[in-house]
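Asker: Mind folding the following:
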Amino acid sequence: MIKILYLGDIVGSSGRRIIKKHLSSLKQKYAIDIVIANAENAAHGKGMTKKIYYQLCEMGIDYFTMGNHTFSKPDIYQFIEQVDNMTVPLNMEKSVEISPIIIENKKIVISNVMGEIFMHNTINSPFEIMESVLKQYPDYMHIVDIHGEATSEKIAFFYHFKNRVQLIVGTHTHVQTSDEKIVDGCGYITDLGMCGTYHSVLGRDIEEILARFLNKQRLPYKIAEGEAILHGIVAEIDEINKQCVSIKKIKIMENDQI
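Answerer: Now for the predicted structure:
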């Protein structure tokens, strides 16, 4: 059995802080083999820097998926093509060569795709790009992060690939959904949620967002401060039968005891 901890979108310093505080205990409590996180918002709410990438690796995150904000910080171009534990949406417009993450010793492929509905810079269908990945790696187990806005698109993606993929998680909305399930040996949740400030608007400062809605006022982008929450799932995959056998939501406040 392979136990996987998959963390929701890391949003700024509060998200990094709660991971640093709780990740080691979570790995021990659930006997985790692999830690994956969506980190497209890790650097002040948008993008990733080299410094933060290495900090997150040191905290115990093994693999990273990303999203539409991947290239918001130019610093990422200094290292993204040199690391083998990070992937970005394969159907997103980009100027670097990115492949899925291949974990050879466990015969696992981690893919990142982006939805088309209400999303920008998507150049191919997530369905088409996933078909090409499965064709390229037919004998591997597959974990997929579908980074998208529309729940309908994520759910449709799940039902189309459930017989060929072991785990599908949705990211991007930062709101953890309550629909975790296993169908035909594939684990699924529409959105993992986020690791970021609890009293916020998806991790951002409440007053900044209200100013936009109520006064059409554009204030500087600001990450919310305060106690953080950690969202994610723990999933167990039977590597003999190539099936997900359990999936459990994780929801932990910064001051909780594990």
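Asker: isn't Gly15 right up against Ala43?
Answerer: No: contact between Gly15 and Ala43 fails when scored by C-beta atoms under 8 Å: they sit 10.4 Å apart. Where you see a C-beta, it was placed from the backbone N, CA and C, and this is true even at glycine.
Asker: When these two are compared, which one has more neighbours?
Answerer: Gly15 (29 against 23; other C-beta atoms under 10 Å).
Asker: measure the residue nearest to the more buried one when sequence neighbours are not counted to Tyr159 for me?
Answerer: Nearest residue to Gly15 in three dimensions, chain neighbours excluded: Cys195, at 3.9 Å (C-beta to C-beta, 6 or more residues apart in numbering). Cys195 sits 28 Å away from Tyr159, going by C-beta to C-beta, to the nearest Å.
Asker: Same question for Gln82.
Answerer: 37 Å.
Asker: what's the answer for Lys3, then?
Answerer: Taking C-beta to C-beta as the measure, Lys3 falls 25 Å from Tyr159.
Asker: Would you mind telling me which of those two has more residues around it?
Answerer: Between Lys3 and Tyr159, counted using other C-beta under 10 Å, the more crowded position is Lys3 (16 against 13).
Asker: what helix or strand is the closest residue to Tyr77 other than its chain neighbours on?
Answerer: Once flanking residues are discounted, Tyr77 sits nearest to Val96: 7.0 Å by C-beta to C-beta, 6+ apart. Assigned by DSSP states H and E, Val96 belongs to no helix or strand.
Asker: can you pull the pLDDT of Val96?
Answerer: With respect to pLDDT, Val96 scores 86.
Asker: tally of neighbours for it?
Answerer: Quick note: Val96 (other C-beta under 10 Å) scores 11 neighbours.
Asker: can you pull the contacts of it?
Answerer: Val96 is in contact with 77, 80-81, counting by C-beta atoms under 8 Å, 6 or more residues apart in numbering.
Asker: circling back to that earlier point, quick one: contacts for the residue nearest to Gly15?
Answerer: So Cys195 contacts 7-11, 15-16, 18-19, 37, 228-232 (C-beta under 8 Å, 6+ apart).
Asker: Please apply the same query to Val169.
Answerer: Residues near Val169 by C-beta under 8 Å, 6+ apart: 6, 143-146, 188-189, 191-192, 233.
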